[in-house]
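Colleague: sequence below, structure please.
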Amino acid sequence: MNSPPADSAPIFVVGTGRSGTTLLRMMLNAHPHIYLTHEASFYLSTAGFKTETSLADWLNYYARTPSFAWLRLSAASIHDQLPAGARCDRWPLAFQALMREKAGQYQKPRYGDKTPLHGLYLSRILKDFDSPRIIHVVRDPRGAVASLMRMPWAPSSVYLNAHYCDQQVKAVLAQADHIHELRLEDLLADPRGTMSGVLQYIGEDWDDAVLDHARHAPADDMPPFPWFEGARRNLDVPTGAPAWQEQLSPAWIRIIEEICSLTMERYQYPRADLPREASSLRRACARLGEGRKIASSLHRLRRFARMYSNKKTPDPQAGMEVLLSINPKAWSLYPGFSIPPIPKAPPAL
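Modeller: Numbering: from 1, shown residues only. Coordinates of the predicted model:
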């Protein structure tokens, strides 16, 4: 199979957080032709920049973000690949330069990125590139929400996490004709068949290395956070009842099913067979009981957003630590772990 040109067909992996996007990225990165960056958050960083702004000014901003710092790239090397005087109406040039530079470290010709929230920017991505390959990873929303509740960077509210999952799926499905969809559960149950479909979609030949990513994919190119450790290992097909059945109350299971009804129906996730049904009163009480968590989570999210709202980024370490305090109680699940120092950001251009 002849691979499509890398610059016109970059690969984007999107989905909700905790849906299996990191696992798919690791499996694709095991392929000898493919390298995807870990949450470069390129399109997120462009929000608010006008098209007449120079790409150099934007790059000065982006180079001070945690996302860029963890890429361990030189901002100057990216800048040198951009045409003199290029403005922000030529975003694809910056993306291509960034991705080529990182993929080149691993001698990979195909490049792309895994940033779940890029699902909100698909209309722009489809305009920016001739034939981008967009892969949407979906997970049972009850499992995704239960997992998000264990993340320091996600809200502590079940209600907010459920709505986040629902809105992410709806945003991606607005471009349903231009994406490849897969369920995390299918990837775990039938990795060969699922990955065959993915590789055919992106235009690459089959390689057995994708089924042994623990040995073939780079393992040192992600932030060293404990919630990524499972994705570094080869697939372990889960057995028994899903964990969310123990982690969520019957009332919240039904509420999540209601909020995420589109995902439940489109991707054929059956309603839970509960040992006891949650009454309308119990569901109402569950929602009312979330008031304080919702308020606290929104306050912390707004604090993080304000840090980046004026295009003058804070110290990357400070930004990362604020992000990782959205749900501070979640840190009790990772005893002994300390937030690592962020790689030193390159100097401004």
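
Colleague: so the residue in the chain sticking out farthest from the centre, which state does it fall into?
Modeller: For the chain, the largest distance from the centre (Cα atoms, centre = their mean) belongs to residue 281, which lies 35.5 Å off. Three-state call for residue 281 (DSSP: H, G, I helix; E, B strand; the rest coil): helix.

Colleague: for it, give its distance to residue 42.
Modeller: 47 Å (Cβ to Cβ, to the nearest Å). Yep, even glycine has a C-beta here, placed from its N, CA and C like the rest.

Colleague: now residue 120
Modeller: 13 Å.

Colleague: please identify which of these two sits among more neighbours.
Modeller: Counted by other Cβ atoms under 10 Å, residue 120 and residue 42 do not tie: residue 42 has more neighbours, with 22 against 18.

Colleague: find the nearest non-adjacent residue to the more buried one, please.
Modeller: residue 95 (5.5 Å; Cβ to Cβ, 6 or more residues apart in numbering).

Colleague: pretty sure the one you found is touching residue 125, no?
Modeller: No: using Cβ atoms under 8 Å as the test, residue 95 is too far from residue 125 to be in contact (9.1 Å).

Colleague: can you give me the strands in this protein?
Modeller: Applying DSSP state E to the chain gives strands spanning 11-15, 34-38, 110-114, 133-138, 179-183.

Colleague: excluding its backbone neighbours, what's nearest residue 169?
Modeller: Nearest one to residue 169, counting by Cβ to Cβ, 6+ apart, is residue 263 at 4.9 Å.

Colleague: ditto for residue 67
Modeller: residue 41 is the one closest to residue 67 (Cβ to Cβ, 6+ apart), at 4.0 Å.

Colleague: look up how far residue 30 lies from the one you found.
Modeller: Distance, residue 41 to residue 30, using Cβ to Cβ: 23 Å.

Colleague: list the residues that contact the residue most central in space within the chain.
Modeller: For the chain, the residue sitting closest to the mean C-alpha position, by Cα atoms, centre = their mean, is residue 116 at 2.5 Å. Shown in contact with residue 116 (Cβ atoms under 8 Å, 6 or more residues apart in numbering): 14, 15, 16, 17, 19, 21, 39, 168.
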